[in-house]
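**Student:** Below are the sequence and a predicted model for it; my questions follow.
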Protein chains: 2
Amino acid sequence: MAEVVKTVLVGLGNVNLGLLKILIDKKEAIAEQYNTRFKIVGVVDSSGMAISEKGFAYEDLINLKHNKGKVNEITGFLPKAPEFIPDCIEADLLIDGSPVNLEHDNAGIKLIKRAIIKGWHVVLANKAPLVLAFDELTSLAEQHKTKIRYSATVCGGLPVINVLSRDLKLASLQSLYGIFNATSNFVLQELEKGVSMEEAIKEAQNIGAAETDPSLDISGQDTANKLYIIMKSFSDFSGSIKDIEIEGIEKVTAEEVQQAAKANTQIKLVASAYKKGREWKLEVRPTTVAADSFIGSIKGWEMGIEIKSDLYESISLKNYEADPTGTCAAVLRDMLDIQPR
Amino acid sequence: MAEVVKTVLVGLGNVNLGLLKILIDKKEAIAEQYNTRFKIVGVVDSSGMAISEKGFAYEDLINLKHNKGKVNEITGFLPKAPEFIPDCIEADLLIDGSPVNLEHDNAGIKLIKRAIIKGWHVVLANKAPLVLAFDELTSLAEQHKTKIRYSATVCGGLPVINVLSRDLKLASLQSLYGIFNATSNFVLQELEKGVSMEEAIKEAQNIGAAETDPSLDISGQDTANKLYIIMKSFSDFSGSIKDIEIEGIEKVTAEEVQQAAKANTQIKLVASAYKKGREWKLEVRPTTVAADSFIGSIKGWEMGIEIKSDLYESISLKNYEADPTGTCAAVLRDMLDIQPR
């Protein structure tokens, strides 16, 4: 019999719906390879929370959202603030797939803290809790002997966090350079075709990868959030998100991008971390790179990172994802990673 | 107190000497981050075996080899065939860093089997045991509840095996393309400069990365060995190494490489795996690829792989290593990975 993991889903948007689809498609493989079954005992969306001890069927939750339904319409709805869900049901695992909310002390963070205190493990696709409270959440988890995993927060399905924190764990980071936001990378590529910034952003939204409000993408804030999470996970960087110098691509023009291309270079929104003396210098800014460099080779919807360290010299990773499946698969990978082996 | 892992080193060449250096450099980090200390209780080289219950000092073993010494000159030498070392000393872990020997039923494989039967875990930098006896060794290990790790056998420090077998474990492989042999990749790059095959191979040997006998590199056999290990680890491929069609770069001329470059392409020694109907088709051969493709971007001493799967679309990894440090660090990563957590 597969081990049952009682799971609570926060957010029923692209990430958790994609996760539910993979849980259906890979149900047998999960049971066979990991001896595990995830029972969804709680769900939270903007309308509130619902709980079920016997578990919600994956298909029912997918259908609910396909029919534009809300959690407050289903059996098991509780008229309480969602942040109290850890007090309302017993569970083993919380999945946060809700949208980024960078308000301090928001309800999402309070929910996560309550879950950790109850002894639940936590898997995040949502970057905000890490950006706002990395140290607090990781030390709270340590104190309560629970695990936090968040490989889905950086570059979708590309296992950047896992490679850094597991495979390269003993290495000392020397520098890293990356493109962590596919929307802005796509927009820059469109500019090269002579399209205006406004049109390029619209095109990204039509394709469906850009947020309704793409300002986090274009301003460089999303890239900075990911750089922060990487550095907190893997290096001795001890600063805050405010220590990252951020310049977005708002002012980059089609002309500049085309001029760069003529010179066999590319303008990219590059995240970088390198040592200046003994201090880390972290930046996000439009940067001209050689077209045949690794960073220059990251096209359109791709994302990637180049890592230099004492033990491994240079290691580079990149991925292409046309839809959120890779991100959802990364959430599932984390869910399985925290199970006892 | 750090947990002591009694370790036997097979081979005292570049890999295990590099490993010993890292064990010295990272001693504190290993103790702090993993609560572990590796005590070398046995060593094997071409001259025989030596054992020590109190452990050989890392420095002494490095010095021995720097002075061109052999194991049969040190205290602890036993006049027995090295394959019997598992019967001569108690240990927890065997590291095989000996050179590739593709003779069937060779002493190296017999040693590994004896170690597994004694309950030792095994970390391989040597590909030969996997190429000759993958299924036998993995099922023997399962039967004796020991672990085999071998992330150092493919692309040095690049965590190809780990990313595939851990991060992408639930995904179904669709295809993969890779450059797994840096020597032949360097040789092809030299040809582009107009250098002859013979000179290019000499240059690779001078740099020190090519084997004294570089025929495994140039013939494509080394690339095929790595492709085989990857496919056995991650896919439902159930064939043998003989099912890989292999063509080396022996017949590639400077003229061909230069012609390709003029057409904005590159001739690379590409390993590929893709489905033909329901069967896997595995090949190693000189292949013309677009210069701006990922495979085309793998230059000189770099190695890399592009993986397509159902869950993660396209993920690409590459690395640059000028010396074997990355490979040695990969061995250490595996040694730490098998410790209980």
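**Tutor:** Great, that's in hand.

**Student:** what residues does the stretch 1-150 of chain A put near chain B?
**Tutor:** A:22, A:26, A:29-30, A:33 (CB under 8 Å from any CB of the partner chain). Where you see a C-beta, it was placed from the backbone N, CA and C, and this is true even at glycine.

**Student:** What of the stretch 151-300 of chain A?
**Tutor:** So the stretch 151-300 of chain A meets chain B at A:151, A:157-159, A:162-163, A:166-171, A:292, A:294, A:297 (CB under 8 Å from any CB).

**Student:** PyMOL command for the buried members of the residues you listed?
**Tutor:** Buried residues within those, by 16 or more other CB atoms under 10 Å in any protein chain shown, are selected in PyMOL with:
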select buried, chain A and resi 151+157+158+159+162+163+166+167+168+169+170+171+294+297
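
**Student:** From the residues of the stretch 151-300 of chain A next to chain B, pick the one nearest A:Lys308.
**Tutor:** Closest approach between these and A:Lys308, by CB to CB: A:Ala171, at 9.5 Å.

**Student:** And what about the closest one, helix, strand or coil?
**Tutor:** coil (DSSP: H, G, I helix; E, B strand; the rest coil).

**Student:** which residues sit in contact with it?
**Tutor:** Under the criterion of CB atoms under 8 Å, 6 or more residues apart in numbering or on different chains, the neighbours of A:Ala171 are A:309-312, B:329.

**Student:** what's the farthest-apart pair in the residues of the stretch 1-150 of chain A next to chain B?
**Tutor:** Farthest apart among the residues of the stretch 1-150 of chain A next to chain B by CB to CB are A:Ile22 and A:Gln33. That separation is 13.7 Å.

**Student:** returning to what we had before: inside strands: which ones of the contacts of A:Ala171?
**Tutor:** The members of those that map onto strands under DSSP state E are A:Ser309.

**Student:** Of the contacts of A:Ala171, which count as buried by neighbour count?
**Tutor:** The neighbour count (16+ other CB under 10 Å) marks A:309, A:311-312, B:329 as buried among the contacts of A:Ala171.

**Student:** Neighbour count: A:Ile22 and A:Gln33, which is higher?
**Tutor:** A:Ile22 (21 against 12; other CB atoms under 10 Å in any protein chain shown).

**Student:** you'd agree the more buried one is in a helix?
**Tutor:** Yes. A:Ile22 sits within a helix when classified using three-state DSSP.

**Student:** thinking again about what came up before, where does confidence bottom out across the residues of the stretch 1-150 of chain A next to chain B?
**Tutor:** Lowest pLDDT within the residues of the stretch 1-150 of chain A next to chain B is found at A:Gln33 (92).

**Student:** That one contacts A:Gln339, correct?
**Tutor:** No. In this structure A:Gln33 lies outside contact range of A:Gln339 using CB atoms under 8 Å: 11.0 Å.

**Student:** before we move on, back to that, which among the residues of the stretch 1-150 of chain A next to chain B gets closest to B:Ala2?
**Tutor:** A:Gln33 (32.6 Å).

**Student:** Now do the strand or helix carrying the closest one: which elements does it pack against?
**Tutor:** In the assignment (DSSP states H and E), A:Gln33 maps to helix A:27-34. With contacts taken as 3 or more CB pairs under 8 Å, 6 or more residues apart in numbering or on different chains; DSSP states H and E, helix A:27-34 sits against strand A:36-45, helix A:325-337.

**Student:** ok, back up a step: can you add distance to A:Lys70 and give the residues of the stretch 1-150 of chain A next to chain B back as JSON lines?
**Tutor:** Shown next, in JSON lines, are the residues of the stretch 1-150 of chain A next to chain B (distance: CB to CB, whole Å):
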{"residue": "A:Ile22", "distance to A:Lys70": "23"}
{"residue": "A:Lys26", "distance to A:Lys70": "27"}
{"residue": "A:Ala29", "distance to A:Lys70": "32"}
{"residue": "A:Ile30", "distance to A:Lys70": "28"}
{"residue": "A:Gln33", "distance to A:Lys70": "35"}
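
**Student:** Next, report how far stretch A:317-324 is displaced from the centre of its chain.
**Tutor:** 13 Å (CA atoms, centre = their mean, to the nearest Å).

**Student:** ok, longest helix in chain A?
**Tutor:** Longest among the helix segments of chain A by residue count, using DSSP state H, is helix A:128-143.

**Student:** Okay, strands next: where are they in the stretch 151-300 of chain A?
**Tutor:** A:173-179, A:245-246, A:265-276, A:279-290 (DSSP state E, counting those that start in this stretch).

**Student:** Deepest-packed of those strands, please.
**Tutor:** Highest mean neighbour count of the strands of the stretch 151-300 of chain A: strand A:173-179, a mean of 22 (counted as mean count of other CB atoms under 10 Å in any protein chain shown).

**Student:** Contacts only, for A:Gly76.
**Tutor:** A:50-52, A:56.

**Student:** Out of those, who's the most crowded?
**Tutor:** So for those (other CB under 10 Å), the most neighbours sit at A:Ala50, 26 neighbours.

**Student:** my guess is it is in a strand, correct?
**Tutor:** Yes. Assignment of A:Ala50 by three-state DSSP places it within a strand.

**Student:** Thought A:Ile74 was touching it, still the case?
**Tutor:** Yes. Using CB under 8 Å, A:Ala50 is in contact with A:Ile74, at 5.2 Å.

**Student:** Overlap in contacts, these two.
**Tutor:** A:Phe56.

**Student:** so where is chain A shaky, pLDDT-wise?
**Tutor:** A:209-212, A:341 (pLDDT under 70).

**Student:** Grab the nearest non-local neighbour of A:Ser46.
**Tutor:** The shortest distance from A:Ser46 to any non-neighbouring residue, by CB to CB, 6 or more residues apart in numbering or on different chains, is to A:Lys70 (7.4 Å).
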